[in-house]
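> Need coordinates for the below:
(chains A and B)
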Number of protein chains: 2
Amino acid sequence: MSAGTIHGVGLGPGDPDLMSVRAHRLVRGATHVAYFRKAGRPGRARTIVEGMLRADAVEIAMEYPVTTEIPLDDPAYAECLSGFYAEVSVRLRDIARSGADVVVLCEGDPFFYGSFMHLYTRLRDDVPVRVVPAITGMSAAWTATGIPVTWGDDVLTVLLGTMPQSVLARHMADADAIVVMKVGRNLPKVRDALETAGKLERAWLVECASMAEERAVPLAEAGDRASPYFSIVIVHGQGRRP
Amino acid sequence: MSAGTIHGVGLGPGDPDLMSVRAHRLVRGATHVAYFRKAGRPGRARTIVEGMLRADAVEIAMEYPVTTEIPLDDPAYAECLSGFYAEVSVRLRDIARSGADVVVLCEGDPFFYGSFMHLYTRLRDDVPVRVVPAITGMSAAWTATGIPVTWGDDVLTVLLGTMPQSVLARHMADADAIVVMKVGRNLPKVRDALETAGKLERAWLVECASMAEERAVPLAEAGDRASPYFSIVIVHGQGRRP
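Predicted coordinates for the structure are as follows:
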């Protein structure tokens, strides 16, 4: 029997209407569907495809053993996650080796800061793995602001809200257009870094881009309420525009 | 009569199967379809949707008056293009004001270095304009390399091959992951900048990502043949991976 294929399928930013035609077809036809989620939660990727799966689809929920309980830079965090990725990789490999295809649901684009990458590197030498790119959360975010993000020769730099404030500020100062992902509770730090870089006035905060709860506001008007983990800060470029 | 809507519809990197479900629906249903192209060429955006348009769709080919004949930094270039964008904006506005919707076909993502942005800023105060984000050419490019582009806290910087070599090298040295768009005949300059930044060995060259002619090779093995204008150079990040 020949091995099945593991498909890392990017679902895009959240609106099912923004899935690619290929992703839509793979998800609707899947016999085995795997997705990451926090224990006890429905999972964001699974939520996007609600109502699209075959009635007899086998679902494999891959539940993170840890999310924010251990700091990112603690070696125990990497060790814990490494064991988890190894374990779920074995499960998916066994299914593929039994001859079935597996669709792994991925928020955003699988190769762009995605958890699927940790399965990909563990599986690609053993079974066929294919990746379907997708619309990134940042594309949905700058579209939500109603302002183009990069013009002419603008340099775009993508940063993570989890980075140290001084590193954020240095990169912000040297970029024309800026995207900060995973803002959430890092928002005060991101705001301070933007101020240091002299770009706070041009920044926008986008929450839940492309979803029903979408909210895009200038950061200066955003107020102090908590922002979701996946919120994104955008600074638009000012380059050449004939 | 109420005005029609102008839809800036991102088509993605080139494979029609990677269009979003929304883009696919808008293109198939369009009564008026506009697209940029170089005079005398079929146009890349129009090529992507070949076979998808209604038989009675009205096509509006917007032909650039100039592409590479005048240097980008010559004021005559901006002036010539500015007049062109103003003129085609009037054409599209007239159609929308007559009550018809217009679908403007956009390669890649409309708000990410796209020509549509120049129509958007000229039209949005006068008629309803909506934008459909899309999979970027760079997402298709890094997917084609078979290697994830950003891990952990990697900083991604997007550059243009048209930029001065010293500016390219400076940004390359300070980034973890790098995308260089619009490489084409700038390839020797991009290669030299990568060497200065110490990142030439990790660079890949991707041509025609997601299309039948797709080619993804380590830049060191790419040889000296001419590369298409839309080819992309990728340097993958090396960040945290549990």
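
> Show me what the least confident helix or strand in chain A by mean pLDDT is packed against.
Within chain A, no helix or strand scores below helix A:75-97, which has a mean of 93 by mean pLDDT, DSSP states H and E. Using 3 or more C-beta pairs under 8 Å, 6 or more residues apart in numbering or on different chains; DSSP states H and E as the contact definition, the elements that helix A:75-97 packs against are strand A:32-38, strand A:58-64, strand A:102-106, helix A:116-123. C-beta coordinates here come from the backbone N, C-alpha and C atoms, glycine included.

> could you redo the last one with a cut-off of 6 Å?
helix A:116-123 (3 or more C-beta pairs under 6 Å, 6 or more residues apart in numbering or on different chains; DSSP states H and E).

> quick one: contacts of the least confident helix or strand of chain A?
A:3-4, A:6, A:32, A:62, A:65-66, A:70, A:102, A:118-119, A:122-123, A:126-127, B:242 (C-beta atoms under 6 Å, 6 or more residues apart in numbering or on different chains).

> how about 7 Å then?
A:3-6, A:32, A:34, A:60, A:62, A:64-66, A:70-71, A:102, A:118-119, A:122-123, A:126-127, B:242 (C-beta atoms under 7 Å, 6 or more residues apart in numbering or on different chains).

> Now list the buried members of those residues.
Listed as buried from those are A:3-4, A:6, A:32, A:34, A:60, A:62, A:64, A:70, A:102, A:118-119, A:122-123, A:127, B:242; burial here means 16 or more other C-beta atoms under 10 Å in any protein chain shown.

> any idea which of the residues you listed is closest to B:Lys182?
A:His118 (32.0 Å; C-beta to C-beta).

> from the buried ones among the contacts of helix A:75-97, which two are the most distant?
A:Ala3 and A:Ile70 (35.1 Å).

> if I look at the most centrally placed residue in chain A, how far off is chain B?
Chain A has A:Gly108 as the residue nearest its centroid, 4.5 Å off, counting by C-alpha atoms, centre = their mean. Between A:Gly108 and chain B the computed distance is 10 Å (C-beta to the nearest C-beta, to the nearest Å).

> do the same with A:Arg215
Distance, A:Arg215 to chain B, by C-beta to the nearest C-beta: 17 Å.

> can you pull the contacts of A:Ala23?
Counting by C-beta under 7 Å, 6+ apart, A:Ala23 has contacts A:Val9, A:Gly10, A:Leu11, A:Val132, A:Ala134.

> I'd like to know how far the second one sits from chain B.
As defined by C-beta to the nearest C-beta, A:Gly10 lies at a distance of 8 Å from chain B.

> Now do the same contact list for that residue.
A:Gly10 neighbours (C-beta under 7 Å, 6+ apart): A:Ala23, A:Cys106, A:Gly108, A:Asp109, A:Pro110, A:Val132, A:Pro133, A:Ala134.

> Assumed A:Asn186 was part of a helix.
Yes. Counting by DSSP: H, G, I helix; E, B strand; the rest coil, A:Asn186 is found in a helix.

> Spit out the contact partners of the residue nearest to it when sequence neighbours are not counted.
Distances taken as C-beta to C-beta, 6 or more residues apart in numbering or on different chains put A:Gly161 closest to A:Asn186, at 3.4 Å, once the chain neighbours are dropped. Listed by C-beta under 7 Å, 6+ apart, the contact set of A:Gly161 reads A:Val180, A:Met181, A:Lys182, A:Val183, A:Gly184, A:Asn186, A:Val190.

> Closest to B:Ala141 out of the contacts of A:Gly10?
The closest of these, once distances to B:Ala141 are taken by C-beta to C-beta, is A:Pro133, at 9.0 Å.

> For burial, what's the neighbour tally of the closest one?
By other C-beta atoms under 10 Å in any protein chain shown, the residues close to A:Pro133 number 34.

> same deal with A:Arg225?
Based on other C-beta under 10 Å, the number of other residues close to A:Arg225 is 7.

> where along chain A do the strands fall?
For chain A, strands defined by DSSP state E occupy the ranges A:6-10, A:32-38, A:58-64, A:102-106, A:129-132, A:156-160, A:177-181, A:203-207, A:215-218, A:232-235.

> would a markdown table of those with mean pLDDT and distance to A:Ala96 be doable?
Formatted as a markdown table, the strands of chain A follow (pLDDT from 0 to 100; distance: least, C-beta to C-beta, whole Å):
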| stretch | mean pLDDT | distance to A:Ala96 |
| --- | --- | --- |
| strand A:6-10 | 98 | 5 |
| strand A:32-38 | 97 | 9 |
| strand A:58-64 | 96 | 12 |
| strand A:102-106 | 98 | 6 |
| strand A:129-132 | 98 | 9 |
| strand A:156-160 | 98 | 32 |
| strand A:177-181 | 98 | 31 |
| strand A:203-207 | 97 | 37 |
| strand A:215-218 | 96 | 40 |
| strand A:232-235 | 98 | 34 |
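
> Need those strands in CSV (columns: distance to B:Ala209).
Shown next, in CSV, are these (distance: least, C-beta to C-beta, whole Å):
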stretch, distance to B:Ala209
strand A:6-10, 14
strand A:32-38, 26
strand A:58-64, 29
strand A:102-106, 19
strand A:129-132, 12
strand A:156-160, 18
strand A:177-181, 21
strand A:203-207, 27
strand A:215-218, 29
strand A:232-235, 24
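
> domain assignment for chain A?
Split into domains by automatic domain parsing, chain A comes to A:6-132, A:137-235.

> gap between the shortest one and the chain center?
From the chain centre to the centre of domain A:137-235 is a distance of 15 Å (C-alpha atoms, centre = their mean, to the nearest Å).

> With the first one instead?
Here domain A:6-132 is found 12 Å from its chain centre; the criterion is C-alpha atoms, centre = their mean.

> and A:Leu26, how many neighbours?
19.

> how far away is the spatially closest residue to A:Met172 that is not a sequence neighbour from B:Asp192?
Leaving aside its sequence neighbours, A:Met172 sits nearest to A:Ala197 (C-beta to C-beta, 6+ apart; 3.6 Å). To B:Asp192, A:Ala197 is 29 Å away according to C-beta to C-beta, to the nearest Å.
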